[in-house]
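Q: Any chance you could fold what I've pasted below:
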Amino acid sequence: MRSVAELLTPKQKSAIERAKRSPDLQGFLFRKATGVQWFNAFKEAGFLLPTEIPQPVPAKEEGYVSIPVWPITDYLVASSEQLLVPNNELYAIEFLNFIRSATMHAKERGFGNYRVWWQFSKIIRYIPPHLISANDLLLIDYWLDDKYERGLVAESLGEHWLISLLDRNDEHCRSLSIGLLQSLYRVRFLDSRYGESNRKEARLHFDSWHARNLTKKVAGRAGKVLGQSAVEVFRNQLEHIIVTLNHDKWSSLWRSAVEDHEQNHKAEDAEDILVEGFRDALLAYVGEDKDAAKAYVGELLDSPYETTRRIAIYTVDQRYQQLNDLIGRVIIERHFTSNFRHEMWHLLCNHYPEISRQEKALVQGVIAGLVVQDDNAQQREGATAYQRAIWLSAIKNYGDDEGQLYRECIKIISGEPEHPDFSSYMTSGWVDHKSAISKEELISWDSDELIKQLNAYLESYASPRMFDGPDLEGLTKTLRQAIKAEPLRFHDKLQNYSTLGLPYIHEFIEAYRELWSEKAQLPWDEIWGFLLEFCLGIVKQDRFWSPENTEKRSSFVANRYWIVSGIGSLIEAGTKADEHAFSERLLDQAEEVILILLEKEKGEEFKVDSDSVMVAINSPRGHCIEALINLTLRSCRLANKQCGNHAEIWAHFQPIYDAELARAEIGEYEFATLVVNYLPNFLYMSKEWVLANLENIFDQGNYQKWLCAMNGYAYVGTVYEEIYKHLKENGHLIRALDDENIKERVTEKIIQNIAVAYVNNFENSGDESSLIHILLIRRKYQELSQLIWFLWTLRKEGDANIRAKIFELWPLLLKVIDTTSREGRKLASKLCDWSVFVDEVNEGNKHLILAVAQFAEEDYNSHDLLESIAKISAKQPFEAYEIWLRLLEGTSSDFPEEAIKSALTNLVRAGSEGQRNAKDVVSKYLRGGNERPSQWLREINAGAAP
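A: Residues are numbered from 1 along each chain as shown. The predicted structure is shown next:
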């Protein structure tokens with residue numbers, strides 16, 4: 001290297017001297033200086049002392065540290081590109097020695113500085129590779145072990161230096177590449193971030209975001225250049241994890257698909273990233289060296305690790321043309337299990353037509369040999385058919401025999417399996433509480449171990465000390481996810497789980513209820529049998545009814561009330577719709593469960609100001625009553641189909657409902673509410689029973705019971721003449737309108753009942769005893785407002801009856817509306833909406849519209865009236881003009897624009913008088929300060945000119 005005097009100018013030397021005297025200038029100098037010619041001068045000035053590498057220092061906030069920058073490294077980074085110039089090799093050695101010395105100094109003193117390591121990682125990529133030894137990779141290991149940050153260093157090393165080494169592709173560079181890959185992807189095992197301290201998890205040196213991005217960029221390239229050596233780096237680390245964590249046998253739970261897929265819910269974990277690296281490197285290797293790779297993939301298919309074999313099967317699928325000779329080693333019985341399902345299913349779906357006749361026969365034979373047995377070694381027909389249908393669905397379109405076998409299976413299970421290519425499939429959703437036990441572990445345990453682990457956790461559970469730590473709620477939600485992911489792993493052992501704590505029992509019930517509601521294609525005939533047996537076993541347990549099981553827990557998890565509600569909702573879901581209901585043979589068992597619940601579960605407290613329907617449908621007892629009602633309805637419908645009537649069914653259930661109605665006398669009001677809420681259904685089951693019990697149902701002698709009944713009636717969507725007349729004649733409806741405890745909840749529905757009765761001639765406006773007449777003389781704003789609005793909603797094109805009723809009632813309303821009051825003017829405004837019923841203005845209706853038009857904007861209804869004016873103007877422009885002028889007495893609103901333009905156009909088309917009328921209208925707008933209609937009229941006239 002040349003001397004300083006030959007390399008630097010006097011000005012540059014002066015800058016160094018100033019920086020020595022004033023350290024504050026050093027950072028500026030190091031950022032400005034570039035080129036290897038500065039190196040020796042900086043070294044002689046004492047700026048390149050490896051021992052000066054800065055250590056982390058305490059930050060102002062206690063418990064935190066600040067990581068200082070090392071300004072001299074800015075110069076080193078800026079100048080490093082020149083190190084690749086052959087004449088600068090001596091400088092490259094100096095740079096490398098500086099990196100070595102500084103790193104060793106920090107390592108010997110036990111500190112790190114990721115800012116410096118990041119700078120070094122940028123420099124090393126420009127040092128000629130032949131200068132770098134295998135020992136230098138140990139320095140990189142130290143950088144990647146930094147306590148505070150590793151992602152930046154890993155990104156720089158992987159995305160830049162590693163790729164540079166791979167591009168050079170000489171023997172030494174390949175050796176460095178393999179060593180660098182090993183450093184980047186070396187795993188370590190730490191205590192789990194959540195859960196028990198003896199639970200471990202695998203982590204890479206750097207964060208998952210950087211790791212995934214790096215893997216996408218380098219794994220395939222490494223496989224192409226380095227071949228098997230690169231694949232082995234990923235394979236070895238992956239197998240190290242699955243052995244250490246012992247989760248190879250259920251890898252399909254933590255990695256649903258070898259390819260990138262939305263079902264891979266934990267794709268940020270180290271093992272997932274290594275699966276992707278293994279996969280991409282192997283695919284590239286096969287593409288580059290078919291023969292060597294084929295032998296290697298064959299070796300992978302013999303691996304003792306199922307995860308490794310899954311990746312091999314996926315590779316055969318994706319590189320079938322190169323690897324089809326291996327298909328015989330793939331189509332073996334042990335690969336037709338849940339852990340291999342995704343990869344095997346897609347291989348069969350993609351390549352079944354290409355395999356030989358003997359191999360097809362082998363596939364069919366393996367599928368035919370799939371049998372699911374119960375504890376007595378007896379074949380379960382539904383579950384067996386379901387398992388076979390899963391595999392047959394992959395090949396059903398490739399032959400008549402395959403299609404016929406598939407149809408036979410789905411006939412048994414009454415539906416096609418959903419997502420047959422996944423052993424567990426999760427719909428969208430998330431667990432917002434953390435669980436100490438993962439979903440994968442919950443699924444991996446047999447029933448005895450699962451019960452042991454769950455109950456042990458519950459017995460030792462205390463509320464977490466950290467607000468974001470794992471808790472019982474997180475575990476219960478995760479258990480539900482596990483059950484939904486693999487429902488057939490649990491369904492035939494449900495009775496075993498009845499000994500679990502109540503928070504867990506609730507999750508079993510809810511998981512299957514959700515699957516049923518989602519219409520998951522499963523062998524439901526079998527599942528429902530086990531479910532109802534499970535529920536019956538629970539409700540027969542003495543411990544279930546003990547007082548402590550009603551207490552709330554510190555965590556938001558189930559007590560007995562939740563489970564009673566859950567069972568009720570489950571049975572309701574299974575009986576509500578005939579097209580999606582459990583088998584008729586299970587109705588008696590479901591009834592037994594409900595009757596036990598109704599016998600033992602007490603009612604909720606109802607208050608006079610309660611919304612009794614909300615209380616009833618959300619109470620445990622209410623859920624059971626709804627289940628009973630739906631079960632009865634289901635039984636009645638089945639009887640109607642079988643023998644034309646359901647009298648015998650009703651005779652069976654009537655005593656139960658009689659007893660339920662009587663429970664209001666002991667302060668339980670769920671049925672008193674729900675019998676009215678379900679009034680149409682009870683009229684279907686037994687109209688005679690309903691009519692005979694009207695006095696008892698709407699019991700004015702029991703105020704709370706009456707409140708509940710009227711609340712329930714407010715939710716009934718149909719007006720039945722006999723019910724309505726009973727309520728009218730006995731004063732129930734007007735009493736409810738005046739009752740302070742319920743009028744806010746029932747007024748709208750009662751007014752609507754009266755309106756429907758009026759339209760259907762149950763009411764006569766001329767009869768002083770009619771409720772429509774009583775509403776008029778009461779003159780209550782809320783009641784009349786609701787009446788006007790509801791009758792407007794009944795508008796229908798060509799409905800002469802509703803029009804006749806409107807024009808009969810309109811003048812009666814005008815008589816009772818006081819337009820000198822604010823409320824009266826608002827009612828008149830609402831009546832403007834009735835202009836929609838005017839098809840043609842005549843002497844019988846014009847005065848009705850004119851009486852209210854000026855008040856249209858009092859309740860913001862001018863836009864509706866303007867639309868009616870536009871409609872009328874098409875045939876009667878001068879009548880429309882008269883109504884319009886009356887409207888403009890109260891407002892200058894110009895919305896909707898199209899309606900105004902349409903009405904003005906129709907006036908202009910009516911000749912000279914119409915033109916004068918149009919000008920009169922826009923002049924009224926101008927006097928109101930609105931110029932837009934005038935502009936529109938000019939545009940209309942311009943367009944109409946010849």
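Q: Not counting sequence-adjacent ones, nearest residue to Glu533?
A: Excluding the flanking residues, the one nearest Glu533 by Cβ to Cβ, 6 or more residues apart in numbering is Gln495, at 6.1 Å. C-beta: built from backbone N, CA, C; applies to glycine.
Q: Run through the residues that contact Val69.
A: By Cβ atoms under 8 Å, 6 or more residues apart in numbering, the contact set of Val69 is Pro54, Arg115, Val116.
Q: how close does it sit to Tyr114?
A: According to Cβ to Cβ, to the nearest Å, Val69 and Tyr114 sit 11 Å apart.
Q: ok now the lengthiest helix in the chain, how far from the chain's centre?
A: Using DSSP state H to define each element, the chain has its longest helix at helix 620-643. Distance of helix 620-643 from its chain centroid, counting by Cα atoms, centre = their mean, to the nearest Å, is 32 Å.
Q: Give the other helices and strands that it contacts.
A: Helices and strands touching helix 620-643, by 3 or more Cβ pairs under 8 Å, 6 or more residues apart in numbering; DSSP states H and E, are helix 560-575, helix 587-600, helix 612-618, helix 647-662, helix 670-677, helix 679-692.
Q: Can you tell me which of those helices is most buried?
A: Greatest average neighbour count among the helices and strands packed on helix 620-643 goes to helix 670-677 (a mean of 27), per mean count of other Cβ atoms under 10 Å.
Q: elements contacting it?
A: Judged by 3+ Cβ pairs under 8 Å, 6+ apart, helix 670-677 is in contact with helix 612-618, helix 620-643, helix 647-662, helix 694-697, helix 703-713.
Q: circling back: using TSV, please lay out the contacts of Val69 together with distance to Gln228.
A: Formatted as TSV, the contacts of Val69 follow (distance: Cβ to Cβ, whole Å):
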residue	distance to Gln228
Pro54	43
Arg115	37
Val116	36
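Q: Closest one of those to Gly928?
A: Comparing the contacts of Val69 against Gly928 with Cβ to Cβ places Arg115 closest, at 70.9 Å.
Q: Name the helix or strand for the closest one, please.
A: helix 114-124 (DSSP states H and E).
Q: Give me the mean pLDDT for that helix.
A: Averaging pLDDT along helix 114-124 gives 95.
Q: now do stretch 275-294
A: For stretch 275-294, the mean per-residue pLDDT is 95.
Q: What are the buried residues along it?
A: By neighbour count with 16 or more other Cβ atoms under 10 Å, stretch 275-294 contains the buried residues 275-286, 289, 293-294.
Q: measure the closest residue to Lys919 other than its chain neighbours to Gln589 for me?
A: If you skip the residues right next to it in sequence, Lys919 has Leu937 as its closest partner in space, 7.2 Å away by Cβ to Cβ, 6+ apart. Per Cβ to Cβ, Leu937 is found 77 Å from Gln589.
Q: got it, and Met685?
A: 21 Å.
Q: who touches Leu683 in this structure?
A: Val690, Tyr720.
Q: cool, and Cys349?
A: Ala394, Ile395, Asp421.
Q: In helices, which of these appear?
A: Per DSSP H, the subset of these in helices is Ala394, Ile395.
Q: Could you dump the contacts of Cys349 into CSV with neighbour count added?
A: Converted to CSV, these look like this (neighbours: other Cβ atoms under 10 Å):
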residue, neighbour count
Ala394, 23
Ile395, 22
Asp421, 21
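Q: Tell me the one of the contacts of Cys349 nearest Phe95?
A: Closest approach between the contacts of Cys349 and Phe95, by Cβ to Cβ: Asp421, at 53.6 Å.
Q: what's the closest one in contact with, if anything?
A: Arg341, His342, Trp345, His346, Cys349, Ala394.
Q: what's around the second one, how many residues?
A: Read it as His342. By other Cβ atoms under 10 Å, 27 other residues sit near His342.
Q: Output the below-cut-off pLDDT ranges for the chain.
A: Scanning the chain for pLDDT under 70 picks out the ranges 1-6, 193-198, 266-267, 426-433, 462-469, 552-556, 944-946.
Q: if you go through the stretch 1-150 of the chain in chain order, where are the helices?
A: Counting by DSSP state H, counting those that start in this stretch, one finds helices in the stretch 1-150 of the chain at the ranges 4-7, 10-21, 26-32, 39-44, 72-79, 89-109, 114-124, 136-143.
Q: any chance of these in TSV, with distance to Ala880 and mean neighbour count too?
A: Formatted as TSV, those follow (distance: least, Cβ to Cβ, whole Å; neighbours: other Cβ atoms under 10 Å):
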stretch	distance to Ala880	mean neighbour count
helix 4-7	96	13
helix 10-21	90	14
helix 26-32	80	16
helix 39-44	92	18
helix 72-79	81	21
helix 89-109	90	18
helix 114-124	78	23
helix 136-143	84	18
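Q: To Glu797, which of these lies closest?
A: That would be helix 114-124 among these, by Cβ to Cβ, at 74.1 Å.
Q: ok now the closest one, how far from the chain's centre?
A: Centroid displacement of helix 114-124 relative to its chain, using Cα atoms, centre = their mean, is 42 Å.
Q: quick one, phi/psi of Pro68?
A: With angles defined as degrees, to the nearest 10, Pro68 sits at phi -70, psi 150.
Q: If we go by neighbour counts, what in stretch 333-342 is buried?
A: His335, Phe336, Ser338, Asn339, Phe340, Arg341, His342.
Q: now, which of the residues you listed lie within helices?
A: Under the assignment DSSP H, these contribute Arg341, His342 to helices.
Q: Save the buried residues of stretch 333-342 as CSV, and put in distance to Lys216 too.
A: As requested, the buried residues of stretch 333-342 are exported to CSV (distance: Cβ to Cβ, whole Å):
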residue, distance to Lys216
His335, 28
Phe336, 32
Ser338, 29
Asn339, 26
Phe340, 25
Arg341, 26
His342, 21
